[in-house]
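**Q** below is the sequence, then the predicted model.
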Amino acid sequence: MIVETLLVVRDPQLERRPVIRREDDSQVGPLFFSFGNINLLCGACTFLLIKGARAVDAIFDAIVVCPNCGACNEAAQENGVAS
Ligand SMILES: [Zn+2]
């Protein structure tokens, strides 16, 4: 298993981007799982958000809201545009 930590988003712009979050108040992880070999952790508290992702950027540009600490996470942009 590869473990990758997501980046905490300071300006999540939730109205513009798809948001992955729990609809209930459960804090049991992960948010969802697949059958890849990458675990994606919350960048703030290392809560297991996505188990078995197939790629580090499996969530694309979505924001993942951590059910444990409430932080907004996004995938690291490995070849993103320099700002
Ligand atoms: Zn968290």
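**A** Nice, thanks for sending it over.

**Q** and the lowest-mean-pLDDT helix or strand in the chain, what other elements does it pack with?
**A** When the helices and strands of the chain are scored by mean pLDDT, DSSP states H and E, strand 32-33 comes last with a mean of 87. The contact analysis (3 or more Cβ pairs under 8 Å, 6 or more residues apart in numbering; DSSP states H and E) places strand 32-33 against strand 48-53. Where C-beta positions appear, they are placed from N, C-alpha and C, glycine not excepted.

**Q** which positions in the strand it packs on come out as buried?
**A** Within strand 48-53, the residues scored as buried using 16 or more other Cβ atoms under 10 Å are 48-53.

**Q** and which of these is nearest to the ion?
**A** Minimum distance to the ion across those is 7.7 Å, recorded for Leu49 (Cβ to the ion).

**Q** for this protein, what lies in contact range of the ion?
**A** Neighbours of the ion within the chain, by Cβ under 5 Å from the ion: 42, 44-45, 47, 66, 68-69, 71.

**Q** now do 8 Å
**A** Selection of the chain residues close to the ion by Cβ under 8 Å from the ion yields 42-47, 49, 66-71, 73.

**Q** can you put the residues you listed in JSON lines and add pLDDT?
**A** Converted to JSON lines, the residues of the chain next to the ion look like this (pLDDT from 0 to 100):
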{"residue": "Cys42", "pLDDT": "96"}
{"residue": "Gly43", "pLDDT": "96"}
{"residue": "Ala44", "pLDDT": "97"}
{"residue": "Cys45", "pLDDT": "97"}
{"residue": "Thr46", "pLDDT": "96"}
{"residue": "Phe47", "pLDDT": "95"}
{"residue": "Leu49", "pLDDT": "95"}
{"residue": "Cys66", "pLDDT": "94"}
{"residue": "Pro67", "pLDDT": "93"}
{"residue": "Asn68", "pLDDT": "93"}
{"residue": "Cys69", "pLDDT": "95"}
{"residue": "Gly70", "pLDDT": "94"}
{"residue": "Ala71", "pLDDT": "95"}
{"residue": "Asn73", "pLDDT": "96"}
